[in-house]
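[1] What shape does this take:
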Amino acid sequence: MHRSVGTFGPYYRIGGQKMAQPLFTTYVQTHGSFSRKSPRVSAIVLVESPIVEHFDKFEAKSATETEWASVLFGLCLALNNNQTSIRLGNNNLNVIHGLTFFHYPLKQDYANYYRDQIIKVAAESNWTGVRWIPRENNEAEKLF
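    Residues are numbered from 1 along each chain as shown. The predicted structure follows:
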């Protein structure tokens, strides 16, 4: 099977009032960065005028924890800007697997916490789906 550039697989629904993906959705890319001095998350909500924000006032113990936090941050940023049909992209495969197979317990307490929060917030949306994207295609990563 031949895949064209930019095709990274389907979005997996993780929540929302609608079961089917709406025709028009808002694309959100998220990224987490970790250093002992300053864990940071960033998100880009791609609408007519992109909304770009980053946040670095929180506690995290690993790079994976910041990736989980970035997905929650991006989802909340989109909903706070009246975007209710959302396609989330993140380049951390562990996070995407944790969200798409949400009936399985995760090893880390923080991952279970963030997944529960993400699913709870996604339930408030019209439709929310996630998929993995390559790091080089993640515009939110380029903010740091």
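[2] What are the boundaries of the strands in the chain?
    Per DSSP state E, the chain carries strands over the ranges 12-15, 26-33, 40-46, 51-55, 85-90, 127-132.
[3] Which helix in the chain has the most residues?
    helix 63-80 (DSSP state H).
[4] Can you give me the buried ones in that helix?
    The neighbour-count check on helix 63-80 (16 or more other Cβ atoms under 10 Å) flags 64-75, 77-79 as buried. In short, each C-beta sits where N, CA and C put it, glycine included.
[5] Give the other helices and strands that that helix contacts.
    When contacts are defined as 3 or more Cβ pairs under 8 Å, 6 or more residues apart in numbering; DSSP states H and E, helix 63-80 packs onto strand 26-33, strand 40-46, strand 51-55, strand 85-90, helix 93-100, helix 109-122.
[6] how close does the residue most central in space within the chain sit to residue 31?
    Centroid-nearest residue in the chain, with Cα atoms, centre = their mean: residue 71, separated by 3.1 Å. According to Cβ to Cβ, to the nearest Å, residue 71 stands 10 Å off from residue 31.
[7] Quick check: neighbours shared by those two?
    Residues touching both residue 71 and residue 31 by Cβ atoms under 8 Å, 6 or more residues apart in numbering: residue 90.
[8] quick one on the thing from earlier: go through the helices and strands packed on helix 63-80 and name the closest to residue 141.
    strand 26-33 (4.2 Å; Cβ to Cβ).
[9] pLDDT at the nearest residue to residue 134 once chain neighbours are set aside, what is it?
    The shortest distance from residue 134 to any non-neighbouring residue, by Cβ to Cβ, 6 or more residues apart in numbering, is to residue 91 (6.3 Å). Note on residue 91: pLDDT of 94.
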